[in-house]
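Peer 1: what follows is a protein structure lacking sequence information:
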Ligand SMILES: Nc1ncnc2c1ncn2[C@@H]1O[C@H](COP(=O)(O)OP(=O)(O)OP(=O)(O)O)[C@@H](O)[C@H]1O
């Protein structure tokens, strides 16, 4: 069972990140509430991955802060990366391992892992060595591993970056299923079609700043900034 209460909304206030003299993100103010997925969009180098890492707590901000509404925010979230790092063990063992680390009682671990493998369509491959799975299956396994920990918020960094259309559709289905059962998804993607299909709201980043933030439908129909309009047309944006 998930701990009572909620850690949402997640708020970023004056958030910034610099590496030496290079400012990568500045002045980010965001409120991420529960509900349909939040999709972070923007051209290459806009700072999407860095923002996701700051929100997740993997990077420490050099300015501003990330605030969770409730206690234990860092424990009730998970992140899945473009290329999952899997243990040299079976698919099932990969899902069980973080549950053991999280102190989930042994009796509950097997049921949760089986349920998560089922959710991603990998129940039949539970005993296969994880590193022998295809790229799409590995990404689904990474999603199962994260989902089994029952995070309230799940960060996904380009989850379909190196997947073909079939594998991408399978991952999108899993994301939609997780969102439907109440997991808040915050993700980056370069697939505009995917963003339109999944997003409840959008954060548009350019040059390390948030230029737009709001519900997905009006953003796609009539973006407010010239930069977002150009991005949606597929034009190159000056940095
Ligand atoms: N630790 C770091 N040190 C120095 N520069 C960094 C660091 N992390 C990211 N950068 C730079 O910050 C900028 C933003 O990187 P980030 O990966 O967040 O962009 P992105 O929007 O996710 O891009 P892409 O769409 O290409 O993945 C890039 O120019 C990147 O090279």
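Peer 2: Arrived safely. Here the structure is a predicted model, which means the values were calculated and not measured.
Peer 1: and the helix or strand containing residue 50, is it in reach of the ligand?
Peer 2: When elements are assigned from DSSP states H and E, residue 50 belongs to helix 48-56. Yes: taking Cβ under 6 Å from any ligand atom as the criterion, helix 48-56 and the ligand are in contact, through 48, 49, 50. Every residue, glycine included, has its C-beta placed from N, CA and C.
Peer 1: ok, and the most crowded of these?
Peer 2: Comparing the residues of helix 48-56 next to the ligand on neighbour count, residue 48 comes out first with 24 neighbours (neighbours: other Cβ atoms under 10 Å).
Peer 1: identify the residues contacting the nearest residue to that one once chain neighbours are set aside.
Peer 2: Distances taken as Cβ to Cβ, 6 or more residues apart in numbering put residue 188 closest to residue 48, at 4.2 Å, once the chain neighbours are dropped. When the contact criterion is Cβ atoms under 8 Å, 6 or more residues apart in numbering, the partners of residue 188 are 39, 40, 41, 48, 49, 52, 156, 157, 158.
Peer 1: what's across from residue 188 in the sheet?
Peer 2: Here residue 188 sits in beta bridges with residue 40, residue 157, as judged by DSSP bridges.
Peer 1: how near is it to the ligand?
Peer 2: In this structure, residue 188 and the ligand are 6 Å apart, going by Cβ to the nearest ligand atom, to the nearest Å.
Peer 1: so what's that residue scoring on pLDDT?
Peer 2: At residue 188 the predicted local distance difference test score is 97.
Peer 1: against residue 110, how distant is it?
Peer 2: Here residue 188 is placed at a distance of 33 Å from residue 110 (Cβ to Cβ, to the nearest Å).
Peer 1: assumed residue 231 was part of a helix.
Peer 2: Yes: inclusion of residue 231 in a helix is indicated when DSSP: H, G, I helix; E, B strand; the rest coil is applied.
Peer 1: that one contacts residue 204, doesn't it?
Peer 2: Yes: judged on Cβ atoms under 8 Å, residue 231 makes contact with residue 204 at a distance of 7.1 Å.
Peer 1: what do the two both touch?
Peer 2: When contacts are counted by Cβ under 8 Å, 6+ apart, residue 231 and residue 204 are jointly contacted by 41, 42, 223.
Peer 1: apart from its chain neighbours, what residue comes closest to the last one?
Peer 2: So that's residue 223. With Cβ to Cβ, 6+ apart as the measure, residue 229 is the residue that lies nearest to residue 223, at 4.8 Å, once sequence neighbours are left out.
Peer 1: ditto for the second one
Peer 2: Nearest residue to residue 42, sequence neighbours excluded (Cβ to Cβ, 6+ apart): residue 205, at 3.7 Å.
Peer 1: so where does that neighbour fall, helix or strand?
Peer 2: Using DSSP H and E, residue 205 falls in strand 201-206.
Peer 1: could you check how far the closest residue to residue 198 other than its chain neighbours is from residue 193?
Peer 2: Counting by Cβ to Cβ, 6+ apart, the nearest residue to residue 198 once its immediate chain neighbours are dropped is residue 37, at 5.0 Å. With distances taken as Cβ to Cβ, residue 37 is found 14 Å from residue 193.
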